[in-house]
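[1] Sequence and predicted structure are below.
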Amino acid sequence: MLDRPNQSIGDLIRARAPGHSLPADLYRRADVFEADLDVFFERQWALVGLEADAPNPGDLYVIDVGRASVIVARGDDGELRAFHNVCRHRGARLREAGKGKARKLVCPYHRWTYELTGDLFRAPHMGKAFQSACYGLRKVHLRSVGGLLFVCLADDPPEDFADLEIAMKDRLAPYGLGDAKIAFENEIVEAGNWKLTMENNRECYHCPGGHPELGVTFIAQDFGFDPDELSPQGRQEAARHEAEFARRTDAWEKEGHASRAIEHLAGHVTNFRTERLMMGSDGRAQSATMDGKPACGRLLVSNGRTDLGDLHFWTHHSWHHYMCDHAVVTTAFPLAPDRTRVRSVWLVHKDAVEGVDYDVENLTRVWKATNEQDARLVGIAFQGVCTPGYRPGPYSSFTERHLDDFATWYGERIRDAGY
Amino acid sequence: MLDRPNQSIGDLIRARAPGHSLPADLYRRADVFEADLDVFFERQWALVGLEADAPNPGDLYVIDVGRASVIVARGDDGELRAFHNVCRHRGARLREAGKGKARKLVCPYHRWTYELTGDLFRAPHMGKAFQSACYGLRKVHLRSVGGLLFVCLADDPPEDFADLEIAMKDRLAPYGLGDAKIAFENEIVEAGNWKLTMENNRECYHCPGGHPELGVTFIAQDFGFDPDELSPQGRQEAARHEAEFARRTDAWEKEGHASRAIEHLAGHVTNFRTERLMMGSDGRAQSATMDGKPACGRLLVSNGRTDLGDLHFWTHHSWHHYMCDHAVVTTAFPLAPDRTRVRSVWLVHKDAVEGVDYDVENLTRVWKATNEQDARLVGIAFQGVCTPGYRPGPYSSFTERHLDDFATWYGERIRDAGY
Amino acid sequence: MLDRPNQSIGDLIRARAPGHSLPADLYRRADVFEADLDVFFERQWALVGLEADAPNPGDLYVIDVGRASVIVARGDDGELRAFHNVCRHRGARLREAGKGKARKLVCPYHRWTYELTGDLFRAPHMGKAFQSACYGLRKVHLRSVGGLLFVCLADDPPEDFADLEIAMKDRLAPYGLGDAKIAFENEIVEAGNWKLTMENNRECYHCPGGHPELGVTFIAQDFGFDPDELSPQGRQEAARHEAEFARRTDAWEKEGHASRAIEHLAGHVTNFRTERLMMGSDGRAQSATMDGKPACGRLLVSNGRTDLGDLHFWTHHSWHHYMCDHAVVTTAFPLAPDRTRVRSVWLVHKDAVEGVDYDVENLTRVWKATNEQDARLVGIAFQGVCTPGYRPGPYSSFTERHLDDFATWYGERIRDAGY
């Protein structure tokens, strides 16, 4: 046989050659998938949505995380809380996935009724000895970082999440996500493993040819290149861009707009990366649109600046673009070894009016197209790595350094969890 | 990880806290599902249908039981016999599931031909040395209890099935199921584990709000209640009903209509329960219809009595209502850990004529609606117990005693089978 | 429990009684399925198609074999080569299954580009140290036997494939498959295990009644019969046919048309069987059509002979009929324990013109109908053997000898592979 099916997950991690893609079994085996859910979606902080998903008291937002279903509820006091979407009586699911509104959470089975704080309000026929206080909904840790909602299903969430909070709170502040408005959202189910989804997102090696719409305002050079492949003229242009990029970054930083890359990967529990990049080949594009102009007349940024480029942000299962007029937040959740749910949300200023300030088609065109293109690429990558002809291949040291780092971090986390 | 996937089935059984619902793995694990098929559908007597499913010589009734397919055939001698639906040559399925008619059973593959007694009649090209007598269809134990057909796939069926036979033969006699007519039948596939289907059926805690049609003639009080939740007036009414119910039961019993509850659960191999209950809040309803009146003008009972209420009967995978004008027999068969086939049959007197004596819509409305409502509840129960937020919850000692008993019996059977 | 799920694959093989069908688990267990892919589709030579699937330089033919996807490419030099359909970079699938045309193979992911020889032509951003020569496509062994394309995924293909090559090269030569034309092809997915597909094909016990179209030109007697079942007249006719068949075989052989059966099964690694048979009850039919006449006016055979009957050929997963005017080549590939892809190709002379020399409906009627009939039989066989009522049954020593041989060979190969 070409595979050794009895290799432990730890063996598979150890089998990875540095600088090379992962062994096939890490993408396709059911036990690895279960381990991934455990380690990366049930022990880690997972980004489940935005405050804009439940903006008002009584709003409910229900989402699957790992093997769990979580209710995010905004109470009458305006506070957001998260609970397991499971009745404490006989385990019935309280609410379907999606958004809703309620004053109390009533189980459809036997009418056990909970407050939006999670407290059990009423349970019929349980007798005098029944201790209601012991049967509130099971809480899930919840944090809002500048309007981004993270939950953690573990009893003891990773402590170094504070690093992410500190880094991103200031960076996100000008974008006012706490009360931004969701202009559009969609979901794709990619036919591949979630790690391939994330690897795909962490490089722009595939951008030329693969992403014509994104190519209008993305500068592939910023994601790495082999200088020896450039013509003398190309090398001059690259040097010119590098200097201009350095100049802008300095200027942004001096003005108080944190821009330089921060990268927490290998050696950290919580994985994130952020960097502010210029947009458009001349650096004058203001938004990821087909003409580089803002898609929304009412700017998202509170400071009115249209020259702050694109603030990139990644967690281990999400990627983000914060621009002057809108933001795009995309999260990936594993559904099966070969299926990954990818949700994208387009955010605009809370007062922006569709049809007046923005056109949804224009706003969403670049990333909708890009997501669909990526879904196809993830699909063929998954098809290939599942066949016996696959051998882990070499990463480009110029364009795929972030993948190598991700793979190293991935292995560290799996092994740290005892697999 | 939140679960311990290596717990044995026996460990899971032992892990159940008395008075609490089952650990999640007993509902969702594939190996538990296989054990359930083995213990509860291949070793136990399973209720597969009615004599009315094969009323005449040459009638065939083919049904899946556990992992098997069984042919019930009524021979030219009028006798019912059951066989494995598998050719003794190379194993081809002889007949599709459902009802049919044949003089002989001919394998569609190589034309091996069997009598309706199971004997091999002809097998071409097998030569002189071939011993036809050794290649009859493999027999399955079959018993009719008052017209209900039970099969057992095990070599040695449980002996205490005799208790069920003794108890039910007399109780069922007046309903004449042996030659009743099937007025309607349907199947639902519920999106949940079969044990959730049975648990749901064993309590009426969920009836208020959940079953408006059934509520017309069901008296929730008979299925338990917390007296402390009643108003003084409610308590008076409850006491009045209790006295009336005791009075009627006495009267029924004196007249020779066995009515008092018999319950064989923990400590027994064969699981059954029966009890006659009054119908309608005033005890005057005669049938489970929207007006409490008989749905069929030609009564099912041979004694002409319309005041004998609803004779309830449960086995470990079926539930029954015998009323003056019609009966409803419902069986549940596990298809997968998360899928259960539920078949209901509405029976009327053999001479009742559709459109004259009964209207199918009126006859079936209550239990068709109830089954659909239950299917939804089983679905959300299964969704919830499969998530890591689930913890087995407390049963109400007033309304869910039968579930606790069922869970205890379930554990005994599994362990007795050596798991 | 009726099954012992912990039996090893070797135990299952040893459990087979000689002269009996296989134990159920060999048809249905997932680990046996994986072992089958390994032993019979990844270690053995597999017949993947015909030269006619990629007749011209630049033609590509992509097919799944076992767990692999293979590209067959005809280079500018006219040579056919086979490769794993997996990019050496990050494993993306290069081409979808089916036929196509290309000058180079360009990975849709990062544009790594390969020659049709498999050599890596270009890989951007990989730096100076990158050794292109080490990253050509991974080769798959490929052989054309008289126009039939065989691949072997193993490093060391079975050596006794030479026996098949020697036997079939001469036999196939007159049919000119190397430049025949595909007049029609289709695919069926059978709802059963691939071994049931092959067993079904290896006997004509099921032909009477089962295959009316095939029965027009097939002579069931040639596939075995129990002489004791014949009437005195039938015995005379059988003797007459036997003599005529012997006479013709002698005559064919003397003329240089190899016709006598060759059978390599038990004791051989490579499994094949071939024999030339008469067609039609009077031996005068010329082609497998509804009237026994050629379906194509332009003959396939180069020698113009219409009296050479039907040259049968089997490998372990294919069956073939070579007739004067057309050939039918059918291959079976396991997709799952319960799903088998069956592809049939109808070949005619390269210069035959549809609508002029042949009518597709007339050409394909017999084997299209036969394949559909067989698919149904394989389906009911699989349904039956998967139920606990199945016990391996006795093969007819007259009509099912080839199945017993196949089962013996199957067991030898599995055990030889170390299972």
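    Thanks, I have the structure now. The structure displayed is predicted, hence computed values, not measured ones. Residues are numbered from 1 along each chain as shown, chains lettered A, B, ... in the order given.

[2] residues contacting the residue nearest to A:D179 when sequence neighbours are not counted?
    Nearest residue to A:D179, sequence neighbours excluded (CB to CB, 6 or more residues apart in numbering or on different chains): A:K350, at 4.9 Å. For the C-beta atoms, the positions are set from N, CA and C on the backbone; glycine is no exception. By CB atoms under 8 Å, 6 or more residues apart in numbering or on different chains, the contact set of A:K350 is A:176, A:179-181.

[3] For these, which single residue is the most surrounded?
    For the contacts of A:K350, the largest neighbour count, defined by other CB atoms under 10 Å in any protein chain shown, is 24 neighbours, found at A:A180.

[4] wait, what's in contact with that residue?
    Contacts of A:A180 were listed using CB under 8 Å, 6+ apart, and they are A:50, A:52, A:147, A:300, A:327, A:347-350.

[5] among those, which two are most distant?
    Maximum pairwise distance among these (CB to CB): 13.9 Å, between A:L50 and A:H349.

[6] Can you give me the distance of A:V48 to A:F333?
    For A:V48, the distance to A:F333 equals 9 Å [CB to CB, to the nearest Å].

[7] Mutual contacts of those two, please.
    Common contacts of A:V48 and A:F333, defined by CB under 8 Å, 6+ apart, comprise A:V65.

[8] What number of residues are in the vicinity of A:E115?
    If you count neighbours by other CB under 10 Å, A:E115 ends up with 18.

[9] Likewise for A:I182?
    As a burial measure, A:I182 scores 16 neighbours (other CB under 10 Å).

[10] Just read off the phi/psi values of it.
    Backbone geometry at A:I182, expressed as degrees, to the nearest 10, gives phi -80, psi 110.

[11] Let me see the contact set for the residue nearest to it when sequence neighbours are not counted.
    In this structure, A:I182 finds its nearest non-sequential neighbour in A:A52, 4.9 Å apart by CB to CB, 6+ apart. Residues in contact with A:A52, defined by CB under 8 Å, 6+ apart, are A:147, A:177, A:179-182, A:345, A:347.

[12] And for A:Y175?
    Neighbour list for A:Y175: A:146-147, A:300-302, A:311, A:322, A:327, A:347 [criterion: CB under 8 Å, 6+ apart].

[13] what do you get if the cut-off is 6 Å, keeping everything else the same?
    Shown in contact with A:Y175 (CB atoms under 6 Å, 6 or more residues apart in numbering or on different chains): A:300, A:322, A:327.

[14] Mind checking which of the residues you listed are buried?
    By neighbour count, with 16 or more other CB atoms under 10 Å in any protein chain shown, the contacts of A:Y175 hold A:300, A:322, A:327 as buried.

[15] nearest residue to A:T274 other than its sequence neighbours?
    Nearest residue to A:T274 in three dimensions, chain neighbours excluded: A:F313, at 4.6 Å (CB to CB, 6+ apart).

[16] partner residues bridging that neighbour?
    Beta-bridge pairing of A:F313 under DSSP bridges involves A:T274, A:H320.

[17] Run a quick check on A:P337 versus A:V32, I expect a contact.
    No: using CB atoms under 6 Å, A:P337 is not in contact with A:V32; the gap is 7.4 Å.

[18] Let me see the contact set for the spatially closest residue to A:H316 that is not a sequence neighbour.
    Take A:H316 and drop its neighbours on the chain: the residue closest to it by CB to CB, 6+ apart is A:N271, 4.1 Å away. Residues counted as contacts of A:N271 (CB under 6 Å, 6+ apart) are A:265, A:316, A:409.

[19] so who does A:P57 touch?
    Contacts of A:P57 (CB under 6 Å, 6+ apart): A:74, A:76, A:78.

[20] Next step: these restricted to strands.
    A:R74 (DSSP state E).

[21] now the contacts of A:P57 as JSON lines including distance to A:E237 and neighbour count?
    Below are the contacts of A:P57 laid out as JSON lines (distance: CB to CB, whole Å; neighbours: other CB atoms under 10 Å in any protein chain shown):
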{"residue": "A:R74", "distance to A:E237": "50", "neighbour count": "21"}
{"residue": "A:D76", "distance to A:E237": "58", "neighbour count": "11"}
{"residue": "A:G78", "distance to A:E237": "52", "neighbour count": "9"}
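
[22] ok, back up a step: got phi/psi on the residue nearest to A:D179?
    phi -60, psi -30.

[23] what does A:A82 give?
    A:A82 adopts backbone torsions of phi -130, psi 140, taken as degrees, to the nearest 10.

[24] Would you mind naming the residues that pair with it in a beta bridge?
    Under the criterion used (DSSP bridges), A:A82 bridges to A:V72, A:V140.

[25] So it sits against A:K139, correct?
    No: counting by CB under 6 Å, A:A82 stays clear of A:K139, with 7.0 Å between them.

[26] Looking only at neighbour counts, state which of those two leads.
    Applying other CB under 10 Å to A:A82 and A:K139 shows that A:A82 carries more neighbours, namely 25 against 13.
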